[in-house]
Each structure stands twice: as C-alpha cells, then as structure tokens.
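> Curious how this folds, go ahead:
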Amino acid sequence: MINGLSLQRAFSLIELLVVVLVIVMLTTVVSLNVGTGGRGIKRANEVRQLAATMGYAQSEAELSGADYGLLVEQDPTLGAPRYTGRWLKRFDQGWAPPRMVGDVLAPFRFAAGGDLLLTLIDQPEITIEANDPELIASPQIVFFAGGEVTEGALEWYDQQTSERLFRLSWDLFGRMTIMPNREASNDERR
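Numbering: from 1, shown residues only. I've put the predicted structure just below:
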C-alpha cells in the first residue's frame, strides 16, 4: 500500500503468451516421449516373448526327443524389410512345421521398424534373407533333443537410426540373457 492506495499488478499479454508457449512445448515433448516409449515397450515385450518361446521349444525338444528349430527370414510381401519367424521340427523326411495343438509354436512376425542381426557361435556370418515359401529351409537356431542349443545372439536395431535396441543372447544350454541397448553397450566395453 502506498499512501492508502493498493497497487494491483496483472500479467501482461507477453507474459501470458510465454507461459502458454512453455506449456505447449512441454506437452509436445511429453507426447513425443510417450509415443516412443510405447514402441519401446512393444519391442521389449517382443524380445521377452521370443525368449520364453525359445525356452518352450527347448523343453519340447527334450521331452519329445526330436529337434526343433527357429528359422528367421525376411518376408518381401510385407514391404520394407520385415522379418518373420517359423518354428520347425525335424522329422525323418527333414524339417517341417510342428504338428501341435495350440499356437505357441505358430509362425510369427517381428514388429515393423526394426532390423535384425543374427550371430551364431562358430558359424560364418548369418544373412537373414527371404526364402521360397514353397521350400522349407533349415532353421538357423536349433534346439537339440539332448538339451543343447545353437549358441548365439539376436539383436534388434532401429531401421531409421541404426541404434541397437535389444540383444537376446543364449548359451549352449539355452540360458537366455536379454539386454536393452545401454546395458548391452556397457557389457561390451568391459
């Protein structure tokens, strides 16, 4: 109060516009991060689901006394590099889809927007390519009836940035390790 008069101060139009601009920018950043996080969660679920299904295939191979395998390939009918996976079982005549009730070992598609890199221990570089749908190629990853697994790793990369997103690795006995990008990078530096 000055000389009995109270001074009231209001926000100027410029100050209000600055506040609105800051709120709009924060909302934009949050919505962009939420969109990216959703894709990250979907990819993480895909990696965990594949690891669980690989564990199931290994158990099925041991229990049934027959080898199972996973064939990862590109599907040119899906547009830009899209990857699919087919579960196979070794029969007397060769590899074929397993005859099972249920869809645990059903063919599946990897989420769009990612590239895959498959590396197998003691084998030359693996190229994931499209195969003739009429012919069944041999699987890259084999789960043997004796309990062993073709040792290796599968890595997911972002198609736009080429940044590694996840690494799923497994040893000879099928022990799975899932590493998000930053953990995989830190582990490799040691």
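
> Neighbours of Tyr83, how many?
21 (other C-beta atoms under 10 Å). (Glycine included, C-beta is placed from N, CA and C.)

> Check Val149 too.
23.

> Now do the nearest residue to Trp170 once chain neighbours are set aside against Phe110, distance only.
Closest residue to Trp170 apart from its sequence neighbours, by C-beta to C-beta, 6 or more residues apart in numbering: Met176 at 5.1 Å. Met176 sits 17 Å away from Phe110, going by C-beta to C-beta, to the nearest Å.

> what packs against the longest strand anywhere in the chain?
As assigned by DSSP state E, the longest strand anywhere in the chain is strand 83-91. Counting contacts by 3 or more C-beta pairs under 8 Å, 6 or more residues apart in numbering; DSSP states H and E, strand 83-91 is packed against helix 13-64, strand 68-74, strand 94-96, strand 108-109.

> so what's Asp67 up against?
By C-beta atoms under 8 Å, 6 or more residues apart in numbering, the residues touching Asp67 are Ala61, Lys89, Arg90, Val142, Phe143, Phe144, Ala145.

> related to what we said a few turns ago, starting at the chain centroid, how far to the longest strand of the chain?
Offset of strand 83-91 from its chain centre (C-alpha atoms, centre = their mean, to the nearest Å): 18 Å.

> could you give the angle of that strand to strand 68-74?
Orientation of strand 83-91 against strand 68-74 (axes from the mean of the first three to the mean of the last three C-alpha atoms, to 10 degrees) gives an angle of 150 degrees.

> Phe166 sits in which helix or strand?
strand 164-170 (DSSP states H and E).

> ok, that strand: who's next to it in the sheet?
strand 152-158 (antiparallel), strand 176-180 (antiparallel) (DSSP bridges).

> re the thing from before, give the burial count for the residue nearest to Trp170, as a bare number.
17.

> Next: the one 5 residues further on.
Using other C-beta under 10 Å, Asn181 has 17 neighbouring residues.

> wait, isn't it in contact with Thr161?
No - counting by C-beta atoms under 8 Å, Asn181 stays clear of Thr161, with 10.8 Å between them.

> circling back to that earlier point, of the strands paired with strand 164-170, which stretch is the most buried?
Comparing the strands paired with strand 164-170 by mean neighbour count (mean count of other C-beta atoms under 10 Å), strand 152-158 ranks first with a mean of 19.

> what's the angle from that strand to helix 13-64?
Per the same axes, to 10 degrees, the angle that strand 152-158 makes with helix 13-64 is 160 degrees.

> outside of strand 152-158, which residues touch it?
Outside strand 152-158, the residues that reach it (C-beta under 8 Å, 6+ apart) are 43, 47, 50, 72, 110, 113-121, 123, 140-141, 163-170, 184.

> Thank you, goodbye.
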